[in-house]
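Visitor: model the structure of this input:
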Amino acid sequence: MTLRSTILAALGVAALATGCASSTAGGATGSNRSQLMIVSAAEVNQGAALAYGQELSKARSAGALNSNAAYTRRAKDISNRLIAQVGHFRPDARSWPWEVNVFTSPDVNAYCMPGGKIGVYTGLIDKLKLTDDELAAVIGHEISHALREHSREQMSQEFVKQQGLSLALSMGKISGGTASVVDFVSQVGVSLPFSRSMETEADVIGMELMARAGYNPQAAVSVWEKMNQLSGAGNRSDFFSTHPSGSNRIETLKKNLPAVMPLYQRARAGR
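Guide: All right, here's what the predicted structure looks like:
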């Protein structure tokens, strides 16, 4: 092994060792899993802002950006109430450059890109006939992905798979510690089904966000029941490919309701 490759291997392992933390406080539901974060947050947010700008330009050119004033006002009002609560999970998110836009499209979809770029599709509202509480559940779920920096975490995991493990193995050859390095990476979660973990985190944190904002968290259950029905009817929306439904998901939401219902009741009493 050359000196250069030895140094690179050492730096790679150091990056793994310094990249573990939880991006949010646990909140009432205690969702504070340690995450592997190697990729720069600034770079991820910059890329998201660029992609969001392209989506806005495309929709604007097609006359499909915020073309329904009532839907736009509704989505922004609900989002703003949810955004007002993000400081309970991470204070820095209060100062993110949040944006909320509605796209006129039959697609059942919504998202929150890294850094707070929210998109809601009219097809989501129309096809599921969402109440305000249910729309808050969906938007709260998407905001929670951004708060937990799940996109950045996925990119970091991909980096480890493609680069980090080879560096770790190289480091192990010169130090005799191959197993401990690989075990460390595994403990962080690269070998676990993180997509499922991320969805669960977004579900329960989103449910707490909506409860704190004065939206009934029981709607998180009803909206996924509607999602199940629509998915079962053969809908091929991208949303369902990235947000798998199922009875386990609904059971997890129900299990966490007792932790967030008091927050909802206090929020309602204070409004």
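Visitor: rest of the way, CA atoms for contacts and neighbours
Guide: Will do.
Visitor: now do the strands in the stretch 101-250 of the chain.
Guide: 110-113, 117-121 (DSSP state E, counting those that start in this stretch).
Visitor: what is the first one packed up against?
Guide: The contact analysis (3 or more Cα pairs under 8 Å, 6 or more residues apart in numbering; DSSP states H and E) places strand 110-113 against helix 41-61, strand 117-121, helix 132-147.
Visitor: one more: the last one?
Guide: With contacts defined as 3+ Cα pairs under 8 Å, 6+ apart, the packing partners of strand 117-121 are helix 41-61, strand 99-103, strand 110-113.
Visitor: who touches the last one?
Guide: Strand 110-113 has contacts (Cα atoms under 8 Å, 6 or more residues apart in numbering) with 48-49, 52, 117-121, 124, 138-139, 142-143, 145-146, 239.
Visitor: and the first one, by the same measure?
Guide: Contacts of helix 41-61 from elsewhere in the structure, counted by Cα under 8 Å, 6+ apart, are 65, 103, 113, 114, 115, 117, 151, 152.
Visitor: pipe those residues into JSON lines and attach pLDDT per row.
Guide: Output for the contacts of helix 41-61, formatted as JSON lines (pLDDT from 0 to 100):
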{"residue": "65", "pLDDT": "98"}
{"residue": "103", "pLDDT": "98"}
{"residue": "113", "pLDDT": "91"}
{"residue": "114", "pLDDT": "91"}
{"residue": "115", "pLDDT": "94"}
{"residue": "117", "pLDDT": "97"}
{"residue": "151", "pLDDT": "83"}
{"residue": "152", "pLDDT": "82"}
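Visitor: so which of the residues you listed is the closest to residue 213?
Guide: residue 117 (19.2 Å; Cα to Cα).
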